[in-house]
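>>> Fold the following, please.
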Amino acid sequence: MAAWTPWMPWQYPALQWWQGSQLGQLAGRFQLWGQVSLLGRWLEPMSVALAALYLMLSAQPSTGPLGLLLLGMAVLVGLQWLLLPPIPSPLHLPIGVYWAVATFAMAFSPVQAQAFEGWLKLTLYLLGFLLLHRTMQNPRYRNWLIAVLLLTSVWVSIYGLRQFFYGAEELATWTDPNSPLAGATRVYSHLNNPNLLAGYLIPIVPIGLIAAWAWSGWGSKLFAVAATGMNAICLVMTLSRGGWIGLLAGITVAALFLVQWNQVLLPQRLQKWALPLLVGVGAIAVVLAILFVEPIRIRVLSMFVGREDSSNNYRINVWTAVVEMIRDFPVLGIGPGNDAFNRVYPLYQRANFSALGAYSVPLELTVETGLVGAAVYLWFLLTIAACGLRRWLQLLADRQPASLWVAAGLSACAGLVVHGLVDTIWYRPQVQMLWWLSVALISSQLVQRPPEPAVGSPSSRSDGA
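Below is the predicted model:
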């Protein structure tokens, strides 16, 4: 068993492998120059600026500028590899394996041209994650990016709340025409789609909630609390059932972590009751909302009526067709990307129900990269949970504030994973990089960062916002 230990996901010596590889040794020659060069010293500030700009522009429907920013981020990642020592985490191994599987899926795809476009997008997203992974290791840069994200989300939520009170044109607001809520306003803010808005806000709510504890200044804490409350209310007003489930999952996981963090501050005889009280109060609040808030009750009950609800019926038809696609392409799927899906799906669609995706991330992963890709991605998710929880407990034992950012990443990932069971908004550029930002909050705490260059380095650290 000991011989297999280095291959366990949370113990794989990725950094040692890189340093011993020929590519790593070649990069080391550039790194000596990079540590003293002006370009090397300003790579991280440039990365932060580009990542912050992406977060600001992701709160709008157009995706063209986001693609250009991803290209810029990819260039900076390439420069970082040449000039600065790479700092991989245990999560990089399953990510790399999944990228390799997606590459094979693209090569053997029945629609190679469209699959290549999807593979290129996937590659850019992963390079964006590598940039965020490195940037998040600097506490000051991490705080700046989280602050930019929360500020942008407040701007989005304010406009969403305005739509709720003053009305909004119906855009992509699929509501069963036979439902009592057929004429209800579903807010969508600047994103022009209520489900997309819900998916966008799902990871931001738990991140903001935990930021209220992680940040040191009272002004920063109050801002995080206000942003979290506003975002949560706006998400509820989207009337997105999947969004509500994702919100509940993210907040529940975040609350569990915060109970653990604050348990030591309670009197000893109350510590063992903190968790049961949290679960009980939360369950009562959910039940009361369902019983006494009519829109919530109607939308929740519609989840259990099967095909009687038009939205449910649509998804069931899509899921059935996607299962048939998986049956015909079980090993490596049809290739990554929505373009490949849109070329193949019409051959399987039922009752003329066109679809832009599988409306379920597990099904989408399987139809794009086959059972092999789905298994590798499951390995990746299990690695996130195993490494994240292990690191959380290690940092919690020493009461290190960095543990709260691990908790924020895990909570945001939990919300997106649960939401992804019934929708594929996760694949949209506005949400996809929020997923990788959440993963980077975890991965950045799984590595030991080497000392910063002492000469003229602009990347000083701070735990405050």
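>>> any idea whether the residue of the chain positioned farthest from its centre is helix, strand or coil?
Most distant residue from the mean C-alpha position of the chain: Arg269, 37.6 Å away (C-alpha atoms, centre = their mean). Secondary structure, DSSP: H, G, I helix; E, B strand; the rest coil: Arg269 is helix.
>>> measure it to Ile284 for me?
23 Å (C-beta to C-beta, to the nearest Å). Every residue, glycine included, has its C-beta placed from N, CA and C.
>>> ditto for Val148
36 Å.
>>> Neighbour count: the two, which is higher?
The residue with more neighbours, out of Val148 and Ile284, is Val148; 17 against 10, by other C-beta atoms under 10 Å.
>>> helices and strands around the helix or strand containing that one, which ones?
In this assignment (DSSP states H and E), Val148 forms part of helix 139-166. Counting contacts by 3 or more C-beta pairs under 8 Å, 6 or more residues apart in numbering; DSSP states H and E, helix 139-166 is packed against helix 38-57, helix 112-135, helix 194-214, helix 218-237, helix 429-443.
>>> tell me the angle that helix makes with helix 194-214.
130 degrees (axes from the mean of the first three to the mean of the last three C-alpha atoms, to 10 degrees).
>>> now the angle between helix 112-135 and helix 139-166, please.
120 degrees.
>>> Now do the phi/psi pair for Gly217.
Dihedral pair for Gly217: phi -80, psi 140, per degrees, to the nearest 10.
>>> what's around it, how many residues?
When neighbours are defined as other C-beta under 10 Å, Gly217 has 10 of them.
>>> Repeat that for the one 5 residues further on.
Here the count is done by other C-beta under 10 Å, and Leu222 has 12 residues near it.
>>> Any regions of the protein where pLDDT drops low?
The chain contains residues with pLDDT under 70 at 1-40, 85, 171-183, 267, 270-271, 292-294, 302-306, 308-309, 448-465.
>>> any idea which residue sits dead centre in it?
Trp435 (1.4 Å).
>>> ok, back up a step: ok, now how distant is the residue farthest from the centre of the chain from Ala232?
32 Å.
>>> The nearest residue to Thr63 once chain neighbours are set aside: what's it in contact with?
Excluding the flanking residues, the one nearest Thr63 by C-beta to C-beta, 6 or more residues apart in numbering is Pro429, at 4.7 Å. Neighbouring residues of Pro429 by C-beta atoms under 8 Å, 6 or more residues apart in numbering: Ser58, Thr63, Leu66, Gly67, Leu70.
>>> go again using 7 Å as the cut-off
Ser58, Thr63, Leu66 (C-beta atoms under 7 Å, 6 or more residues apart in numbering).
>>> Gly409: which of those residues is nearest?
Taking C-beta to C-beta as the measure, Gly409 sits nearest to Ser58 out of the contacts of Pro429, at 17.8 Å.
>>> what number of residues lie near the closest one?
Based on other C-beta under 10 Å, the number of other residues close to Ser58 is 23.
>>> Check Pro110 too.
By other C-beta under 10 Å, neighbour count at Pro110 equals 14.
>>> ok so, going back, turn the contacts of Pro429 into a markdown table, columns for distance to Ser403.
Formatted as a markdown table, the contacts of Pro429 follow (distance: C-beta to C-beta, whole Å):
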| residue | distance to Ser403 |
| --- | --- |
| Ser58 | 27 |
| Thr63 | 35 |
| Leu66 | 31 |
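>>> Need the three-state assignment for Val187.
Going by three-state DSSP: Val187 is coil.
>>> circling back: return the most buried member of the helices and strands packed on helix 139-166.
Among those, helix 194-214 has the highest mean neighbour count (mean count of other C-beta atoms under 10 Å), at a mean of 28.
>>> Number of residues surrounding the nearest residue to Met136 once chain neighbours are set aside?
Leaving aside its sequence neighbours, Met136 sits nearest to Ser444 (C-beta to C-beta, 6+ apart; 3.7 Å). Around Ser444 there are 25 other residues, counting by other C-beta under 10 Å.
>>> Give me the distance between Ser444 and Ser153.
Distance, Ser444 to Ser153, using C-beta to C-beta: 21 Å.
>>> Likewise for Gln394?
Taking C-beta to C-beta, one finds Gln394 at 30 Å from Ser153.
>>> Among those two, which residue is more densely surrounded?
Ser153 (25 against 13).
>>> For Leu363, see how far away the spatially closest residue to that one that is not a sequence neighbour is.
Among residues not flanking Ser153 along the chain, Ile204 sits closest, at 4.8 Å (C-beta to C-beta, 6+ apart). Separation of Ile204 from Leu363 (C-beta to C-beta): 26 Å.
>>> for Gly357, same thing?
9 Å.
>>> again, but for Gly337
From Gly337 to Leu363 the distance is 15 Å (C-beta to C-beta).
>>> If you count surrounding residues, which of these two has more?
Neighbours per residue, other C-beta under 10 Å: of Gly337 and Leu363, the larger number sits with Gly337, 25 against 21.
>>> what sits against the more buried one?
Taking C-beta under 7 Å, 6+ apart, we find Gly337 in contact with Gln114, Ala115, Glu117, Gly118, Trp119, Lys121.
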